[in-house]
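Student: no sequence on this one, just coordinates:
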Ligand SMILES: Nc1ncnc2c1ncn2[C@@H]1O[C@H](COP(=O)(O)OP(=O)(O)OP(=O)(O)O)[C@@H](O)[C@H]1O
């Protein structure tokens with residue numbers, strides 16, 4: 001479709017000449033002689049851009065700009081003005097007009113300005129579409145889970161997203177910390193500003209400071225040009241500090257100050273930069289233990305721990321396993337163009353009975369693999385990774401109440417211990433550590449539950 005340009009000038013002859021020139025260059029030009037007529041056209045047809053004279057009898061360019069901004073703000077407005085009124089035109093540009101052209105003008109200049117404005121309009125439209133896609137992708141509806149513990153997480157996210165409070169997300173790897181951080185950002189008043197993620201564990205210590213705060217040219221060997229850091233990139237938006245437990249002590253003090261004062265100095269600079277950044281931090285480590293081990297600053301912890309949200313491991317919300325699995329199946333099958341209607345009941349039983357140490361990410365990978373290898377229209381147990389089937393040690397609680405609680409608890413305890421011993425190749429110290437119990441306690445339980453530790457743990 002040809003972009004349509006509405007030209008408004010009380011010198012109708014001039015408006016017609018401009019619109020004819022635009023028509024020659026592939027635009028749909030339309031000329032009118034007053035703001036009232038222009039408003040009529042805007043009401044009744046699609047207009048991509050408005051070129052308007054500034055001073056006209058009755059309503060002028062200023063009124064037209066205001067009306068367009070109120071009802072059709074996506075339409076760029078270019079002001080045409082006589083030399084004497086350039087100041088007013090500049091003022092209108094400050095108020096949101098795209099640009100001005102002073103009369104008399106070369107028609108090529110008009111065309112160039114119109115093209116620039118339309119390009120910007122397209123870029124803004126693309127941007128808006130991408131943003132809507134992101135907002136949709138990270139809407140709460142895409143956070144799957146109906147278990148009480150997950151619903152509690154959703155409730156907390158809803159409570160905190162409107163504010164700019166610092167959030168600390170704690171949870172094992174793969175429990176959805178980054179997904180939740182994005183959901184908070186895209187549902188907050190900052191959603192139109194950037195979401196910037198930094199994985200503190202993935203960046204070497206000597207580069208992390210410059211990554212976060214930036215540097216000036218020549219600040220250190222190799223700093224050939226100035227570089228903006230992540231704090232500055234996240235200005236007015238959200239900075240997601242992932243794996244904050246892995247942040248070296250040397251940097252923690254600087255981060256604390258940047259969070260507290262919203263001010264920092266890029267490396268090599270003595271000029272402070274002020275930012276307005278909302279912090280969301282995440283960790284799979286126990287920060288309190290790190291504080292005890294003097295690996296994490298207590299003051300930074302208290303500053304981060306304003307609104308903590310604990311993401312439950314998948315094994316603690318077994319009811320969500322199949323819900324998530326079915327959702328992943330549908331989305332991967334659609335991506336790969338495969339017609340898959342669901343899982344067989346044995347595949348469902350295997351997934352429900354596995355402990356998913358890698359949490360939702362592991363489940364997602366497992367379903368993706370299964371979708372790739374599945375031959376029929378259902379995913380069977382043979383399509384699942386072997387460890388899901390073998391590790392299916394009935395760890396998941398049975399549905400319904402057990403009729404012999406002690407026996408049931410012993411069975412679950414036994415299965416967990418066997419699982420831990422298998423995972424650690426029978427090394428009892430490590431298995432005890434993995435289960436968070438003392439080695440002595442593990443030894444007692446192994447005896448009580450008659451677990452044989454040999455080549456094969458049984
Ligand atoms: N509740 C959920 N609903 C749908 N998808 C989820 C959910 N939780 C996690 N996922 C998906 O699982 C994967 C892992 O999630 P994410 O990367 O957010 O975890 P994480 O806790 O940040 O992991 P890590 O600590 O290893 O970085 C992602 O692909 C994410 O989309």
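Tutor: All right, it came through fine. The structure presented is a predicted model; accordingly, all values stated were derived computationally and were not measured. Numbers count the residues shown, from 1 in each chain.

Student: Please count neighbours and contacts with C-alpha atoms only from this point.
Tutor: Noted.

Student: neighbours around residue 231, how many?
Tutor: Using other C-alpha atoms under 10 Å, residue 231 is surrounded by 32 other residues.

Student: Over to residue 282?
Tutor: Residue 282 has 27 nearby residues by other C-alpha under 10 Å.

Student: what's the answer for residue 108, then?
Tutor: 11.

Student: what's the closest non-adjacent residue to residue 414?
Tutor: Take residue 414 and drop its neighbours on the chain: the residue closest to it by C-alpha to C-alpha, 6 or more residues apart in numbering is residue 449, 6.4 Å away.

Student: tell me the phi and psi of that neighbour?
Tutor: phi -100, psi 10 (degrees, to the nearest 10).

Student: Go ahead and confirm it touches residue 409.
Tutor: No - contact between residue 449 and residue 409 fails when scored by C-alpha atoms under 8 Å: they sit 11.0 Å apart.

Student: Any figure for the gap between the residue nearest to residue 414 and residue 119?
Tutor: 73 Å (C-alpha to C-alpha, to the nearest Å).

Student: interface residues of the protein facing the ligand?
Tutor: Counting by C-alpha under 6 Å from any ligand atom, the chain comes close to the ligand at 142-145, 173-179, 360-361.

Student: just checking, residue 367 touches residue 327?
Tutor: No - Residue 367 is beyond contact range of residue 327, at 9.7 Å (criterion: C-alpha under 8 Å).

Student: which of those two has more neighbours?
Tutor: More crowded of residue 367 and residue 327, by other C-alpha under 10 Å: residue 367, with 26 against 16.

Student: Is that one within a helix or a strand, and which one?
Tutor: Residue 367 belongs to helix 359-373 when elements are defined using DSSP states H and E.

Student: coming back round to it: and the residue nearest to residue 414, how many neighbours?
Tutor: Around residue 449 there are 14 residues (other C-alpha under 10 Å).

Student: Kindly report the domain assignment for the protein.
Tutor: The chain breaks down by automatic domain parsing into domains covering 4-132, 144-310, 315-390, 405-448.

Student: mind listing what residue 389 touches?
Tutor: Residue 389 makes contact with 350, 351, 354, 381, according to C-alpha atoms under 8 Å, 6 or more residues apart in numbering.

Student: okay, now the first one: neighbour count?
Tutor: So the one you mean is residue 350. Residues within reach of residue 350, counting by other C-alpha under 10 Å, total 19.

Student: Just the buried positions in the helix or strand harbouring it, please.
Tutor: Assigned by DSSP H and E, residue 350 falls within helix 345-353. Neighbour counts over helix 345-353 (16 or more other C-alpha atoms under 10 Å) mark 347, 348, 349, 350, 351, 352, 353 as buried.

Student: before we move on, back to that, the domains of the chain: which one's closest to residue 138?
Tutor: domain 144-310 (4.8 Å; C-alpha to C-alpha).

Student: and that closest one, average pLDDT?
Tutor: Taken as a whole, domain 144-310 has an average pLDDT of 93.

Student: gap between it and the chain center?
Tutor: In terms of C-alpha atoms, centre = their mean, to the nearest Å, the centre of domain 144-310 is set 13 Å apart from its chain centre.

Student: Now the terminal residues of it, how far apart.
Tutor: 16 Å.

Student: Check stretch 200-217 too.
Tutor: Using C-alpha to C-alpha, the two ends of stretch 200-217 sit 24 Å apart.

Student: For that stretch, give me every contacting residue.
Tutor: Under the contact criterion C-alpha under 8 Å, 6+ apart, stretch 200-217 has outside partners 223-232, 241-244, 246-248, 251, 264-269.

Student: just checking, residue 348 touches residue 322?
Tutor: Yes - between residue 348 and residue 322 there is a contact at 6.9 Å, judged by C-alpha under 8 Å.
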